[in-house]
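Asks: Structure for this input, please:
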Amino acid sequence: MVLTLPNLLTWMRILAIPLFMGIFYCPSDWLSHSEQNFIATVIFTGAAVTDWLDGFLARVLNQTSTFGAFLDPVADKLMVAAALIVLVYLGRLDALIAFIIIGREITISALREWMAKIGRSKNVGVSFLGKIKTISQMISIPLLLYHDKIGENFNPQEVGTWLIYLAAILTLWSMIFYLKAAIPKASERN
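Replies: Numbering: from 1, shown residues only. Now for the predicted structure:
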């Protein structure tokens, strides 16, 4: 494995997960709840930005690799799962929503691996619906992490809750879309 700048950014996202989760275990005399919320939001947002940046740099610097293509979505899914678990722990997200989103990611990852083994990976490539789901998730999670009101009128918790529910609906919809595309192709092999 060659350590390229894009792969280094991906590894940094993975290594940031324990720091991200550990913020909420700091004693209140070290960090106030508002400071914990702010730092966790910055870490998660930084991870989301590097998720885009590492792919961009890999293409621009011609440093794409099969290892990078494997590691990048793993880092993304681990960070999102960690954030959802933290949000459930903090009582800011219903466990069912976290289960839907994490369960879909596991299901689709397994489906993609299976379809690749039978030579049908193009049938479960990333869809536009999946991208909209990801955008909704990546906006809602920092809002839910930040939690504290901004000004007198903007409530990140309320907006984040609506967006995470939208993400959960899109999650189920995109999972059905992928399964409908894959199952007929898979059954042709049997």
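Asks: Scan the chain for its longest helix.
Replies: helix 156-188 (DSSP state H).
Asks: what helices or strands is that helix leaning on?
Replies: In this structure, helix 156-188 packs against helix 95-117, helix 128-146, with contacts taken as 3 or more CB pairs under 8 Å, 6 or more residues apart in numbering; DSSP states H and E. Every C-beta, even on glycine, is put in place using the N, C-alpha and C of the backbone.
Asks: Compare the mean pLDDT across those and name the weakest.
Replies: Mean pLDDT is lowest for helix 95-117 among the helices and strands packed on helix 156-188, at a mean of 85.
Asks: quick one: contacts of that one?
Replies: 73, 77, 80-81, 84-85, 87-88, 121, 123-124, 137, 164-165, 167-168, 171-172, 174-175, 178-179, 182, 185-186 (CB atoms under 8 Å, 6 or more residues apart in numbering).
Asks: how far off helix 156-188 does it point, in degrees?
Replies: If you take axes from the mean of the first three to the mean of the last three CA atoms, to 10 degrees, helix 95-117 sits at 30 degrees to helix 156-188.
Asks: what's the most buried one of the helices and strands packed on helix 156-188?
Replies: Ranked by mean neighbour count, these are led by helix 128-146 with a mean of 20 (mean count of other CB atoms under 10 Å).
Asks: quick one: contacts of that helix?
Replies: 37-38, 40-41, 44-45, 48, 80, 83-84, 86-87, 92-93, 101, 156-157, 159-164, 166-167, 170-171, 173-174, 177-178.
Asks: By neighbour count, sort out the buried ones in these.
Replies: 37-38, 40-41, 44, 48, 80, 83-84, 86-87, 92-93, 101, 156-157, 160-161, 163-164, 166-167, 170-171, 174, 177-178 (16 or more other CB atoms under 10 Å).
Asks: Give me the pLDDT for the residue nearest the centre of the chain.
Replies: Note on the chain: the residue nearest the mean C-alpha position is Val80, at 3.6 Å, using CA atoms, centre = their mean. On the pLDDT scale, Val80 is placed at 94.
Asks: Next up, the contacts around it.
Replies: 101-102, 105, 137, 141.
Asks: what two of the residues you listed are the furthest from one another?
Replies: Using CB to CB, the pair of those lying farthest apart is Glu105 and Ile141, separated by 13.6 Å.
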